[in-house]
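Enquirer: What follows is a predicted structure for the sequence shown.
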2 protein chains.
Amino acid sequence: MTTNKADTLAIRISRVLAERIISGALEPGARLRQDHVAAEFGASHVPVREAFQRLEAQGLAISEPRRGVRVAAFDLREVREVAEMRAALEALALRHAAPHLTRAILDQAEEATRAGEKSPDVRAWEEVNRRFHRLILTPCAMPRLLASIDDLHAASARFLFSAWRAEWEAPTEHDHHAILAALRGGQTEAAVTILARHVQWIGRRPVTTASGATREAFAIVG
Amino acid sequence: MTTNKADTLAIRISRVLAERIISGALEPGARLRQDHVAAEFGASHVPVREAFQRLEAQGLAISEPRRGVRVAAFDLREVREVAEMRAALEALALRHAAPHLTRAILDQAEEATRAGEKSPDVRAWEEVNRRFHRLILTPCAMPRLLASIDDLHAASARFLFSAWRAEWEAPTEHDHHAILAALRGGQTEAAVTILARHVQWIGRRPVTTASGATREAFAIVG
DNA sequence: CAGATGAAAATTATCTATAATTTATGACGG
DNA sequence: CCGTCATAAATTATAGATAATTTTCATCTG
């Protein structure tokens, strides 16, 4: 998420806004007003509009023509939808990536998994978790597929952060280890099956909200 | 594809350009120059830029920052990628749609299939084919999934039109009939299996190119 | 003389500033 | 209390200015 000088202003703005939406700093349904954002970044509103469009393409915002753009709401249904799409697409990607996975890649993935088990907060965990998935999927060499998966990951992360706002304990990555073991043993379909189930896994977990009340929350753990 | 007056100018421009890219009027790799397009539409270049961004989100164009935007190239690899993504996502959609399919919907789908078998050209066929798929998938009520599938259909259509530029004979829709029969019989998984195979089916077919030479072409028939 | 190098010109994308529509808001009159 | 009109705010579009890139062409080197 480094601000590359080569990137266009619109891209940089969209990255910052995406960051805020995913982290929850911008709440679902919040209006995104181009003039305000433009003023904040010391820019004009044209690049801001373009940034908004990018967010919309990622599914992080929705725009109603002539009525402005708002941070996309996400209910449980949306979360499940994203999880199922991820399961379907990541399974496909893994099938194609498997033949090209080297020992070195699997070792890196193993390392990422261990890092995940030691993550101090959700934020850090999400990062290494994404790295794990990217490592084992990228060799499929299907750019469009990988881009779609990335967008879905962002949507997942958004939910993840909203669920574990305060308390956090690093999980033990049973599934990640099992996936890597299967891949090492050349059992691609077994790995695919675990991955699909893993991504779709929606665990119930009691979580304390910002207001202090305890409620039931759902979370993707993958 | 009616030009809705309520839509923003950028949206209307993007629709026209998408049409041209899909139909092949704009060839892969062709540069899209904002000033030229703006002049053609009698508009300024800002809405044109936004239109370009929409095309990029759909995968119909690619933009390199400060270097302009080009019509996305598509080779056989890309076609296969799109086909496999469609297979994975349409299978998912059908699984969720199946419980909500009514007899009325299936009858409409049957009608679309028959219309497909009588289509005079690729263009007409593509339209009813899309209608068939939309009819049986929409009841899944997963907006994000359906939007992704729509984009993939556009990419498929693009290839379809490039393959059958001249000659065309309406195919007999074995698969469509089989899918509907399975759905009528409540055999959802059977329908899903056929659909996934159907979408991925890539048939070889000799096709005469614009230059007159005969070459081998591949086509998605679904 | 062929090819490479580098600077100037033209082209193109990007951004800012300003104007024109459209939508939302609140007051007034029926 | 409801509908209409005026005002305010925000989005959408235009035109002009800036910055980057590509092209051209002349010059230098081998």
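Expert: Ah, there it is.

Enquirer: Near chain B, which residues of chain A are found?
Expert: Contact residues, chain A versus chain B (Cβ under 8 Å from any Cβ of the partner chain): A:6-8, A:11, A:46, A:49-50, A:53-54, A:56-57, A:59, A:65-66, A:78, A:81-82, A:84-85, A:88-89, A:91-92, A:142-145, A:148. C-beta: built from backbone N, CA, C; applies to glycine.

Enquirer: Next step: those restricted to strands.
Expert: Taking DSSP state E, every one of those sits outside strands.

Enquirer: Would you mind listing the outside residues contacting stretch A:126-141?
Expert: Outside stretch A:126-141, the residues within contact range by Cβ atoms under 8 Å, 6 or more residues apart in numbering or on different chains are A:90, A:92-97, A:100-101, A:105-106, A:108-109, A:112-113, A:115-116, A:119, A:146, A:149, A:153, A:157, A:160-161, A:176, A:179-180, A:183, A:222.

Enquirer: Correction: the previous question concerned stretch A:20-33.
Expert: Applying Cβ under 8 Å, 6+ apart, the external contacts of stretch A:20-33 come out as A:17, A:19, A:52, A:55, A:60-61, A:68-74, A:123, A:154, A:157-158, A:161-162, A:165.

Enquirer: Cross those residues against helices and list the overlap.
Expert: A:Leu17, A:Glu19, A:Phe52, A:Leu55, A:Arg123, A:Ala154, A:Ala157, A:Arg158, A:Phe161, A:Ser162 (DSSP state H).

Enquirer: Among these, which one lies nearest to DNA strand D?
Expert: Here the nearest of these to DNA strand D, counting by Cβ to the nearest atom of the strand, is A:Phe52; it sits at 7.6 Å.

Enquirer: Report the contact partners of the closest one.
Expert: So A:Phe52 contacts A:Ser14, A:Leu17, A:Leu32, A:Gln34, A:Ala61, A:Ser63, A:Val69 (Cβ under 8 Å, 6+ apart).

Enquirer: just checking, A:Ser63 is part of a helix?
Expert: No: counting by DSSP: H, G, I helix; E, B strand; the rest coil, A:Ser63 is located in no helix; its state is strand.

Enquirer: Can you give me the distance of it to A:Gln200?
Expert: A:Ser63 sits 30 Å away from A:Gln200, going by Cβ to Cβ, to the nearest Å.

Enquirer: what would the ones in helices among the contacts of stretch A:20-33 look like in CSV with distance to B:Ala38 and pLDDT?
Expert: Output for the ones in helices among the contacts of stretch A:20-33, formatted as CSV (distance: Cβ to Cβ, whole Å; pLDDT from 0 to 100):
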residue, distance to B:Ala38, pLDDT
A:Leu17, 27, 94
A:Glu19, 33, 95
A:Phe52, 21, 94
A:Leu55, 25, 95
A:Arg123, 43, 92
A:Ala154, 32, 94
A:Ala157, 38, 93
A:Arg158, 36, 92
A:Phe161, 41, 90
A:Ser162, 42, 88
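
Enquirer: How is chain A partitioned into domains?
Expert: A:9-71, A:76-220 (automatic domain parsing).

Enquirer: Does DNA strand D have contacts with the shortest one?
Expert: This means domain A:9-71. Yes: using Cβ under 7 Å from any atom of the strand, we find that domain A:9-71 touches DNA strand D at A:31-35, A:45-46, A:49, A:63, A:65-69.

Enquirer: What I need now is those written out in TSV, including neighbour count, pLDDT and distance to B:His133 for each item.
Expert: Formatted as TSV, those follow (neighbours: other Cβ atoms under 10 Å in any protein chain shown; pLDDT from 0 to 100; distance: Cβ to Cβ, whole Å):
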residue	neighbour count	pLDDT	distance to B:His133
A:Arg31	11	93	36
A:Leu32	20	94	34
A:Arg33	13	93	39
A:Gln34	17	90	37
A:Asp35	10	90	42
A:His45	16	90	39
A:Val46	15	91	37
A:Arg49	22	91	33
A:Ser63	17	93	27
A:Pro65	12	88	27
A:Arg66	8	88	32
A:Arg67	8	90	31
A:Gly68	12	91	33
A:Val69	19	94	30
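
Enquirer: if we take those, which one ends up nearest to A:Glu189?
Expert: Proximity of these to A:Glu189 (Cβ to Cβ) peaks at A:Ser63, which lies at 41.4 Å.

Enquirer: ok, now which ones touch the closest one?
Expert: For A:Ser63, the contact set (Cβ under 8 Å, 6+ apart) comprises A:Phe52, A:Gln53, A:Glu56, A:Val69, A:Arg70.

Enquirer: again, only this time at 7 Å
Expert: A:Phe52, A:Glu56, A:Val69 (Cβ atoms under 7 Å, 6 or more residues apart in numbering or on different chains).

Enquirer: The residues you listed: which ones sit near DNA strand C?
Expert: Taking Cβ under 7 Å from any atom of the strand as the test, DNA strand C is in contact with none of these.

Enquirer: Relative to B:Pro143, how far out is A:Ser23?
Expert: A:Ser23 is 24 Å from B:Pro143, by Cβ to Cβ.

Enquirer: what does A:Gly24 give?
Expert: Here A:Gly24 is placed at a distance of 22 Å from B:Pro143 (Cβ to Cβ).
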